[in-house]
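Asker: Dropping the sequence and predicted coords here.
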Amino acid sequence: MRSGDVLAFALLNAQDGGYLWEYETDATVKETDRLFRDPAEGCDLLLREELVCEPHAAPGAPGLQLYTVGPMKPGTFTLRFSLKRAWETAPVKEYTVTLIVTKGMPDIIYSDAEE
């Protein structure tokens, strides 16, 4: 992916048992609710996390944790996700996401060539 691109993905959680996803990373991260409007100075990644449940779901019902990641500069960054209860140290599931980010290019290329 390129700096300035956005990656979005969802992980299923099990809130009914107290399980939620947590992440660790080797990157400098700025967590934000405004992924496209926050200044990103001094950070490698912008990250937005959102917990989503079905409408009218019972308290503790399973849901999704949505992650949106925006790399701000080239490099290789690793995000490690662990599904666990807050009071436990051993996760029941783990995923690793490695982002290989290249320098961004303009999405629109202007050409004044006549056809």
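Answerer: Thanks, I have it.
Asker: just checking, what's the longest strand in the protein?
Answerer: Counting residues, the longest strand in the chain under DSSP state E turns out to be strand 75-85.
Asker: quick one: buried residues of it?
Answerer: Judged by neighbour count (16 or more other C-beta atoms under 10 Å), strand 75-85 contains these buried residues: 77, 79, 81-84. In short, each C-beta sits where N, CA and C put it, glycine included.
Asker: For the closest residue to Leu66 other than its chain neighbours, give me its contacts.
Answerer: Residue nearest to Leu66 in three dimensions, not counting chain neighbours: Glu50, with 4.5 Å by C-beta to C-beta, 6 or more residues apart in numbering. Glu50 makes contacts with 65-68, as judged by C-beta atoms under 8 Å, 6 or more residues apart in numbering.
Asker: what helix or strand is Glu50 on?
Answerer: In this assignment (DSSP states H and E), Glu50 forms part of strand 45-52.
Asker: Can you pull out the residues in contact with stretch 3-10?
Answerer: By C-beta under 8 Å, 6+ apart, the residues outside stretch 3-10 that reach it are 1, 35, 52, 64-74, 97, 99, 101-104.
Asker: Now that stretch - C-alpha only, PDB.
Answerer: The C-alpha trace of stretch 3-10 is given here as PDB (Å, rounded to 0.1, in the frame of the first residue of the first chain):
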ATOM      1  CA  SER A   3       1.200   6.300   2.300                       C
ATOM      2  CA  GLY A   4      -2.100   8.100   2.300                       C
ATOM      3  CA  ASP A   5      -4.000   4.900   1.500                       C
ATOM      4  CA  VAL A   6      -6.600   3.400   3.900                       C
ATOM      5  CA  LEU A   7      -7.000  -0.200   5.100                       C
ATOM      6  CA  ALA A   8     -10.200  -1.200   6.800                       C
ATOM      7  CA  PHE A   9     -11.000  -4.600   8.400                       C
ATOM      8  CA  ALA A  10     -13.200  -6.100  11.100                       C
END
